[in-house]
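Q: Quick check, what structure comes out for this input:
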Amino acid sequence: MHWQIRSFVLAFLAGVAASQLISELPLIVKSPYLQSWIDASSVSSSGGAWPRFWTGHNTGWASYIQVDGTPYQWTGVIISSRPKLTATSVTPTRTIFSFEAGPIGFNASYLSPLDPTDLVRQSLPFGYYYIDAWSLDGKPHAVRFYFDITGELLSNDVSTDQVQWNTTQIGNAMYHSMHLTSKQSMVEDADIVKDSTLYFVMENSLDMTWQTGANASDVRAGFAAGGSPLPNSGDTNPRIINDNWPVLSYQIDLGNITQTSNSVVGVLGLVRDPVVQYTTSGSIQIRSSYYWSAYNTINDIIQDVVAKFDDVRSKAIDFDNKVLADGGAISSKYNDLISFSLRMTFAAMDITIPRFGNGTVDTSDLKIFMKDIGSSGRVNPVEIIYAAFPAILYFNSTLAGSLLEPLLEYQTSSDYKNAYAAPDLGNAYPKVQGNSSDTTELALENCGNMLIMTLAHALKSGDGSLIYHYYDLLKGWADYLEKNTLHPAGYLNADGEGNPNLSNLALKGILGLYAMGKIGDTTGNSSDASHYQSQAQNYYSQWENLAVSSGHITSVYGDTSNWGLIYNLYAAKLLGSDLVSDQIYTQQSQFYASQIGKAPKFGLPYDTNDAGKAKSHWTMFTAATVSDSSLRDSLISMVWQRASYNDTAPFPTTYDPNTGSAITGFASSAQGATFAPLALNIANQPVSVPSSTPSGQSTVKGKTNIGAIAGGVVGGVVGSLSLLGLAVFFWRTRDRKQERKLSFDMNEASVYEPFAPHLVQNYSNSTATLPEVNPPVVHSSKGAILSYSSPQNNYSTAGVSASSMFSSGASSSGAGASSDLRTEVEQLRREMSALRSERLQDTEPPPLYDFDSARMEENSGSGREAPNSTSRPTGISDTKGQLR
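A: As a prediction, this is how the structure comes out:
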C-alpha cells in the first residue's frame with residue numbers, strides 16, 4: 001500500500017539522513033529584491049518561523065495547514081502547534097520541507113526557476129511554492145491550507161509607508177497585488193527598493209476562498225479556529241504597513257483526501273518596471289527586464305507563469321539533475337555547495353533591454369546589471385563579477401559579455417577619464433551612474449580582472465565582439481599594467497590589502513598582460529600580440545624568482561613568514577595558459593597540504609597577514625588549482641563546514657576561520673566561485689571577430705545579439721556533436737539578421753530552449769523516471785556516504801564540457817541541421833516527458849534529503865556559541881515568534 005511505503009521511507013530517513021544545518025535556507029530567491037530566506041533551525045523549533053529578506057527584515061509570509069480541524073503552522077506566527085519536520089532538501093533550484101501534521105504528511109516546496117539559457121524565464125521575478133499531501137494511515141482526512149503575506153517586501157519602513165492593494169481574477173489564476181501608495185522610483189531603503197509591486201497568486205479552483213486588507217492576526221486566528229471559508233472580499237482602504245498589518249490571503253479546502261491529486265500551487269512575484277536607470281555619455285537610459293520582450297501585460301505574465309508550472313517544475317528537475325551529475329563527480333559536499341550557492345549567484349542580476357513608450361523593445365541591446373548584495377550595494381562590482389565568473393561561464397558564457405559590456409561602454413564614454421579600469425558603475429543600485437572617481441589604489445586589481453574576464457568571455461563563447469569593439473580600451477589597461485604590475489606599490493588588492501610587492505596582485509597583472517597578448521593575436525594585431533606575450537613571459541619569470549621562497553609563494557615578495565591562497569593562479573588555468581609552470585601548481589599544492597592539518601575549523605585564512613578572515617570564494621578558486629584531488633576535497637570541505645554552520649544570515653563570503661562568525665558578503669553573487677572546478681571543463685572555442693582591424697574602434701558601442709547568445713550556449717559542445725552545434729549557431733545567426741524579433745510562443749521551442757540534442761547521450765543509459773526531488777548524496781552521521789542509486793548516476797558526461805550541459809543548440813527553428821538526430825531527440829523527449837508525468841502524478845515524498853529534524857533539535861540545544869552581532873547584516877533583526 002502506498003501510504004505504508006511512504007511512512008516507511010519517512011521513518012527510515014528520520015533515522016539515518018544527514019543533518020548538517022545550512023544557516024539560512026533560500027525559499028524564493030529570484031532577483032535583487034525578491035528574496036525570501038528562512039532560518040533553518042526555526043523551521044523545526046517551537047517558536048515562529050518568519051521568512052526574511054537577506055538583511056533579516058521580515059517578509060511577512062505565513063503558511064498553515066489544518067487537519068481534521070487541528071491547525072499547524074510552518075512559516076509565520078504560532079497559532080497552535082508545529083508540524084513535525086521530517087526532512088529538508090536543497091537543490092540548485094528548490095528547497096523542500098517534508099512535514100507530518102497528525103495523520104497527514106506533506107511536502108512544502110519552494111522553486112526559484114533558473115535557466116540562464118532562457119532569458120525570458122531567467123529574468124521573470126516570480127517563484128513558486130507548492131504543496132503535495134498524503135495520508136499516513138491510508139484513511140481520508142479533512143485538509144485545508146492557508147497562505148498569506150503582508151506588505152513588508154515593499155518597504156523597510158513599515159511604520160511610515162502606506163500600501164494599497166487589489167484583487168484580480170484572470171482565467172486560470174487569481175492574484176492579489178500590493179504596492180506603496182507613494183512609490184519612489186529607483187530608491188532603496190536598507191536594500192529594499194520602494195518602487196515594486198507585490199503579486200500573490202493562486203491557481204483558480206472551486207476549493208479556494210480569499211480575503212484582503214483585514215488584520216492579519218484576525219484572519220490567521222479565524223483559520224486556526226477552524227472557521228468558515230474566507231469571504232471573497234476585502235477592505236480596500238489604504239493604510240500603513242504595520243497598521244493592523246493589512247494582509248493578502250488565500251484558503252484552500254481540499255475536503256476529505258487520502259492524497260492530493262495535483263499540487264496546490266501558489267506564486268510569489270515582485271515586479272519593477274523599469275528596473276535600472278543607466279547613465280552613459282551624458283544620456284539616461286530607462287531599461288526594463290528582458291521578459292517584457294515576450295509579454296504585453298502583467299495579466300499575460302501571471303497567466304503564463306501559472307499555466308507553465310508543470311513544465312517549469314519538470315525543467316527544474318532536469319536542470320538540477322544535470323548540475324548535480326557534474327558536481328557529483330567531485331563530491332557530495334561539493335554538490336551541497338553548488339546547490340546552495342546558485343540561486344544567490346544569479347538573483348543579484350537584472351537582465352535588461354530598452355523598452356520604448358509604444359511598448360516595443362530592442363532585444364539586441366542586452367545588458368546585465370549586478371548588485372553587490374550583502375556588502376557594498378555597488379553596481380557591476382568588478383571583483384565580485386570576477387568571483388562569480390565561473391558560474392556565469394558554466395551556464396551561458398555569452399551572458400558574461402552582457403555583464404561586462406556596461407563597464408566597457410561606460411569607460412569609453414566622455415564621462416570617464418582615468419587611464420585604468422573602474423571598480424564598478426557606482427554605488428546606488430538600481431541607479432547606474434558610473435564611477436569616475438580616483439580609484440588608483442585599485443587600478444591593478446581591476447585592470448587585471450577586466451582583461452582576464454574579457455578574454456575568457458571570448459574564448460568560452462567564441463564571440464569576439466567585445467575584444468574587437470573595445471580593443472583600444474583594453475590595450476590602454478594593459479599598458480598601465482606593464483608599467484606598474486611587477487613591483488606593485490601603493491595599490492590594494494580585492495581584499496583591501498595594501499602591502500608593497502603583493503605576490504598575488506602582481507600575478508593578476510601579469511596574467512592581464514598575457515590576456516592582452518592573446519587578444520591581440522585573436523584580433524590579428526600580431527605586433528601587439530608579440531609584445532604583450534613577451535612582456536608577460538618576461539615578467540612571469542622575474543615574478544617566480546621574487547615570489548617563491550622556501551618552496552611556496554609568499555604573500556609579499558621575499559617574506560617567508562607569510563603566505564596566502566594564491567587564488568589568481570585560477571585565471572591561468574581558466575584561460576588555458578601555459579605561462580605558469582606545472583611545478584608551481586605542484587609546489588603550492590604540497591604547501592597547502594602541509595597547512596591543512598593546522599587549519600582552523602572553518603578553513604585556511606585567505607592570507608596570514610589578515611589571519612582573522614577566511615573567504616569562501618577564494619578558497620574555491622584555490623581548490624580548483626591544486627593538483628591533488630584529496631587536497632581539493634579538503635578545501636571544499638572547509639567551505640562546506642562554514643556553509644553548514646548554524647548562523648542567522650545567508651551564507652557569507654567572508655568569515656572568521658576559527659569561530660565561523662560572519663563578516664560580510666551575505667547572499668553574494670561571489671558564491672558563484674563554487675563552480676570554479678566545473679568551469680575548467682569548458683573548452684575554448686574558435687573566436688569569431690570582424691575581419692577589419694580594430695584600430696580606432698574602442699568607442700564603438702557593441703551590442704550583444706540573440707545569435708551571439710545562442711553561440712555562447714553552444715560553445716561548450718565538443719567531439720562529434722560540436723559540428724552540429726556550430727552549424728545550428730551559424731544558421732541561427734543568419735536567421736536573426738533576417739528577423740529582428742523573436743517568436744514568443746511559449747509553447748514552441750525557441751532560441752533559448754535548454755538541454756540541446758547533445759544531451760541524448762546523457763539520457764541514453766538511463767531508463768529510470770526522474771524523481772520530483774533528486775538531491776545530493778546523503779551522508780550518515782559518521783560522515784560516510786550512503787549509497788543512492790539515481791538517474792543522475794547513470795549520466796555519462798564523457799566528452800561533453802560543462803557548458804554543453806546547458807546549450808540551446810536545437811530548437812524548432814533550427815530543424816534541418818541534423819534531421820535524424822533531431823527525430824531521435826524528440827522521441828526521447830516525449831518518452832522522458834511521459835515518464836516524468838507518471839512520476840509527478842505520484843505524491844510520494846522525496847526519496848532522500850540532506851537534513852533531518854533530529855539533528856536540528858540536537859544543534860538547537862548544543863550550546864554552540866551564537867555568532868556575535870557584528871556577523872549579521874546591517875538591520876538584521878530576530879523576528880521569530882513575533883505576534884502580529
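Q: Got the phi and psi for the closest residue to V639 other than its chain neighbours?
A: Leaving aside its sequence neighbours, V639 sits nearest to S616 (CB to CB, 6 or more residues apart in numbering; 4.8 Å). In short, each C-beta sits where N, CA and C put it, glycine included. Phi and psi for S616, reported as degrees, to the nearest 10, are phi -60, psi -40.
Q: how near is S616 to Q641?
A: Per CB to CB, to the nearest Å, S616 is found 10 Å from Q641.
Q: Now for those two: what residues contact both?
A: G603 (CB atoms under 8 Å, 6 or more residues apart in numbering).
Q: Compare these two and say which is more crowded by neighbours.
A: Between S616 and Q641, counting by other CB atoms under 10 Å, S616 is the more crowded of the two (29 against 16).
Q: Let's see the pLDDT reported for that one.
A: As summarised for this prediction, S616 has a pLDDT of 98.
Q: same deal with I706?
A: I706 is given a pLDDT of 43.
Q: ok, then the element right after the top helix by length along the chain?
A: What stands out as the longest helix in the chain, according to DSSP state H, is helix 382-411. Moving toward the C-terminus from helix 382-411, the next helix or strand (DSSP states H and E) is strand 431-432.
Q: what's the spacing between L604 and N562?
A: Taken as CB to CB, the span from L604 to N562 is 13 Å.
Q: higher neighbour count, these two?
A: Between L604 and N562, counted using other CB under 10 Å, the more crowded position is L604 (25 against 15).
Q: is it true that that one touches W563?
A: No: look at L604 against W563 with CB atoms under 8 Å: they stay out of range, at 9.4 Å.
Q: can you list the weak-confidence ranges in the chain?
A: 1-22, 46-47, 692-884 (pLDDT under 70).
Q: Might you report the residue contacts of S436?
A: Counted by CB under 8 Å, 6+ apart, S436 has contacts 415-418, 422.
Q: Would you double-check that T88 falls in a helix?
A: No: counting by DSSP: H, G, I helix; E, B strand; the rest coil, T88 is not found in a helix; it is strand.
Q: And for it, the neighbour number?
A: For T88, the neighbour count with other CB under 10 Å is 26.
Q: what does D633 give?
A: Number of residues near D633 (other CB under 10 Å) recorded here: 17.
Q: Name the nearest residue to it, sequence neighbours excluded.
A: What sits nearest to D633 in space, not counting adjacent residues and going by CB to CB, 6+ apart, is S331, at 5.3 Å.
Q: which strand of the chain spans the most residues?
A: strand 246-257 (DSSP state E).
Q: For that one, name the packing helices and strands.
A: Applying 3 or more CB pairs under 8 Å, 6 or more residues apart in numbering; DSSP states H and E, one finds that strand 246-257 contacts strand 126-135, strand 141-149, strand 162-170, strand 173-180, strand 197-203, strand 208-215, helix 216-224, strand 264-271.
Q: would you turn these into JSON lines with mean neighbour count?
A: What follows is the helices and strands packed on strand 246-257, written out as JSON lines (neighbours: other CB atoms under 10 Å):
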{"stretch": "strand 126-135", "mean neighbour count": "23"}
{"stretch": "strand 141-149", "mean neighbour count": "23"}
{"stretch": "strand 162-170", "mean neighbour count": "16"}
{"stretch": "strand 173-180", "mean neighbour count": "22"}
{"stretch": "strand 197-203", "mean neighbour count": "23"}
{"stretch": "strand 208-215", "mean neighbour count": "21"}
{"stretch": "helix 216-224", "mean neighbour count": "19"}
{"stretch": "strand 264-271", "mean neighbour count": "23"}
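Q: for the stretch 601-750 of the chain, what spans make up the helices?
A: Ranges of helices within the stretch 601-750 of the chain are 616-623, 629-643, 676-679, 706-714, 721-738, based on DSSP state H, counting those that start in this stretch.
Q: Reduced to three states, what does G512 come out as?
A: Under three-state DSSP, G512 comes out as helix.
Q: Go ahead and confirm it touches I452.
A: Yes: with contacts counted by CB under 8 Å, G512 reaches I452, the gap being 6.0 Å.
Q: picking up where we left off before, wait, the residue nearest to D633 sits on L635?
A: No: in terms of CB under 8 Å, S331 does not count as a neighbour of L635; the distance is 11.0 Å.
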